[in-house]
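Engineer: need coordinates for the following:
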Amino acid sequence: MADRQLVRYRVPVHDSDRWRGFALRPGDIVISTPAKCGTTWMQMICALLVLPDPVLQQPLSRLSPWLDYLGRARRDVVADLEAQTHRRFIKTHTPLDGLPLDPTITYICVGRDPRDAALSMLGHQDNMDFAHFLADRADAAAIDGVEPGPVNQPPPTGSERERFWRWVDNDAPPAEIGSSLRRMLHHIETFQEAAGIDVVMLHFEDLRRDLEGQMRGLADRLAISVPESRWPEVVQAAGFEAMRSRAHMTAPNAQLGHWLDTAHFFKRGTSGQWRDVLDDDDLERYRVRAGAIGSPGVIDWLHGGPP
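Structural biologist: Take a look at the predicted model:
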């Protein structure tokens, strides 16, 4: 596995090449999800399972760094990870074919109805202070002694529906786009095809409907024992409202100031919001598009049945 050639996923915000040379430890947890599929939620769940305190003592992004993120110097992110003595849980949006694979590591993926992920991404883009990010990105590149790379990300324009269709119809190769329907389907496919490694696949809707059951199942998969008396506070702390109330600690890289409104990062966290945007013709068009670019197994799992 160590000799396999990794696909490089490089976009203005993150670059999977930052994984090259990173020393994994047995027992590490890699949280690899498509964008807007519950990444931060899963990081918080892992924090609550791994650490003994339901109240975070450090920002979640420091406890669970995003190694690929270009807004911080790789040198600093790696130093944070190397200094950690607890079981590490590392964030990435890189599919499995771009990650080093190790049979001693657990790889967690979370899926979500792509229609909800698309609309969540629109709010994410509107809330990002992209100019501030680009300034930090340039500083980080200078620290690491690398070129920051091109910025080919047009500003978000158009109606919610128009932007949804740009996300769905984007035909850029998965390695060249941070978020699109094609990229999302590909990401899930790399997990469904994985062999020889420990993979856990969870669904956003299952987490929403039965958070405690899903957390207990994940604890079992990770061989983590949580005292029965702790479960009520652990599940409460993993709830969406609890995370929103402490957005300054839980929102991704909140301490860097890359959001216009930190609390707005946790906008809704609901399912089915696409019903307010798409009509029957849209849904048929979406069904055809998804079927043309995704495998039936991936599509069925993400949608809980045919889209």
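
Engineer: which secondary structure elements does the helix or strand where Tyr107 lies contact?
Structural biologist: Using DSSP states H and E, Tyr107 falls within strand 106-111. Using 3 or more Cβ pairs under 8 Å, 6 or more residues apart in numbering; DSSP states H and E, the elements in contact with strand 106-111 are strand 29-32, helix 39-50, helix 181-192, strand 198-203, helix 204-209. All C-beta atoms are positioned from the backbone trio N, CA, C, and that covers glycine.

Engineer: in CSV, list the ones you listed along with mean neighbour count and distance to Arg221.
Structural biologist: Output for the helices and strands packed on strand 106-111, formatted as CSV (neighbours: other Cβ atoms under 10 Å; distance: least, Cβ to Cβ, whole Å):
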stretch, mean neighbour count, distance to Arg221
strand 29-32, 24, 10
helix 39-50, 23, 10
helix 181-192, 22, 14
strand 198-203, 18, 5
helix 204-209, 18, 14
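
Engineer: compare the ones you listed and give me the one nearest Asp281.
Structural biologist: helix 181-192 (17.5 Å; Cβ to Cβ).

Engineer: dump that closest one to PDB, restricted to CA.
Structural biologist: Taking C-alpha atoms only, helix 181-192 is exported to PDB below (Å, rounded to 0.1, in the frame of the first residue of the first chain):
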ATOM      1  CA  LEU A 181     -21.800  16.000  -7.500                       C
ATOM      2  CA  ARG A 182     -19.100  14.200  -9.500                       C
ATOM      3  CA  ARG A 183     -16.500  14.800  -6.800                       C
ATOM      4  CA  MET A 184     -18.900  13.600  -4.100                       C
ATOM      5  CA  LEU A 185     -19.900  10.400  -5.900                       C
ATOM      6  CA  HIS A 186     -16.300   9.600  -6.600                       C
ATOM      7  CA  HIS A 187     -15.300  10.100  -3.000                       C
ATOM      8  CA  ILE A 188     -17.900   7.600  -1.800                       C
ATOM      9  CA  GLU A 189     -17.000   5.200  -4.500                       C
ATOM     10  CA  THR A 190     -13.400   5.100  -3.300                       C
ATOM     11  CA  PHE A 191     -14.700   3.900   0.100                       C
ATOM     12  CA  GLN A 192     -17.100   1.400  -1.300                       C
END
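
Engineer: before we move on, the earlier item: who touches the strand holding Tyr107?
Structural biologist: With contacts defined as Cβ atoms under 8 Å, 6 or more residues apart in numbering, strand 106-111 is touched by 27-34, 37-39, 41-42, 46, 96, 99, 101, 187-188, 191, 194, 197-204, 207, 218, 221-222, 301-302.
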